[in-house]
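Novice: Structure of the sequence below:
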Amino acid sequence: MTCIVAWAEEDKICIGGDSAGVAGYRMQIRADEKIFKNGEMVFGFTSSFRMGQLLRFSLNLPSKKEKQDDYDYMCTDFINAVRDCLKKGGYATIKDGEDRGGCFIVGFRNNLYNIESDFQVGKTIKPYHAIGCGESFALGACQIMTKTSLPLKIKVQKALEIAYDFSAGVRPPYHFIEI
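Specialist: Sure thing, here's the model as predicted:
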């Protein structure tokens, strides 16, 4: 299920998400959005609506230390707060002795971070990223649009539309947040 697309460009971030909720062969168009703001961060999630609810309503973002690098902050203080939040909310699991969560994108200070289910923090060299079952289609669309002068929201929207055209787990309406 899902396609989340985020793009960071010229001191702006736009994130967009679809509305499909998929479980096996059952799909439901959801009113609760997969993208949201928490503090100065913007989030887009896949994996579980419960995980997204915890990140949106229960995650207390820690303060970034003075002179702390953004990536250092994301890999330490931020991810530790996420792990604690998901554990307290009953979402995180332990598999083979390791904590497991879900996948989501965070836009923070004009950078995109991809959080994987093992809580690693990835940072792409591209100005865009996508996750979910429509990821590959959206990334291909984004790559083609890197040379265009389209507005950020239009780029994200077109990537979501391409993912919808080719993935059974992506459905409109699409939602967007620009920061």
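Novice: quick check: longest helix of the chain.
Specialist: When the chain is parsed with DSSP state H, its longest helix is helix 152-166.
Novice: elements contacting that one?
Specialist: If you count contacts as 3 or more Cβ pairs under 8 Å, 6 or more residues apart in numbering; DSSP states H and E, helix 152-166 packs onto strand 3-9, strand 12-17, strand 128-132, helix 135-145, strand 175-178. For glycine as for every other residue, the C-beta is placed from the backbone atoms N, C-alpha and C.
Novice: go again using 7 Å as the cut-off
Specialist: Judged by 3 or more Cβ pairs under 7 Å, 6 or more residues apart in numbering; DSSP states H and E, helix 152-166 is in contact with strand 3-9, strand 12-17, helix 135-145, strand 175-178.
Novice: Can you say which of these is packed in most?
Specialist: Among the helices and strands packed on helix 152-166, ranked by average contacts under mean count of other Cβ atoms under 10 Å, first place goes to strand 3-9 (a mean of 26).
Novice: Send me that one as CSV with only the CA atoms.
Specialist: Extracted in CSV, the C-alpha atoms of strand 3-9 (Å, rounded to 0.1, in the frame of the first residue of the first chain):
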residue,chain,number,x,y,z
CYS,A,3,3.0,6.1,-2.2
ILE,A,4,4.7,8.9,-0.4
VAL,A,5,6.7,11.3,-2.4
ALA,A,6,8.9,14.1,-1.0
TRP,A,7,11.0,16.7,-2.8
ALA,A,8,13.4,19.3,-1.3
GLU,A,9,14.4,22.2,-3.4
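Novice: partners of that strand in the sheet?
Specialist: strand 12-17 (antiparallel), strand 128-132 (antiparallel) (DSSP bridges).
Novice: what's next to the longest one, contact-wise?
Specialist: What that stands for is strand 12-17. Residues from elsewhere that reach strand 12-17 (Cβ atoms under 7 Å, 6 or more residues apart in numbering): 4-7, 33-35, 42, 44, 105, 107, 110, 152-153, 156-157, 160, 174-179.
Novice: can you give me the mean pLDDT across it?
Specialist: In this model, strand 12-17 has a mean pLDDT of 98.
Novice: what's the angle from that strand to helix 152-166?
Specialist: 30 degrees (axes from the mean of the first three to the mean of the last three Cα atoms, to 10 degrees).
Novice: Also compute the angle for strand 12-17 relative to helix 135-145, please.
Specialist: Here the directions of strand 12-17 and helix 135-145 differ by 140 degrees (the same axes, to 10 degrees).
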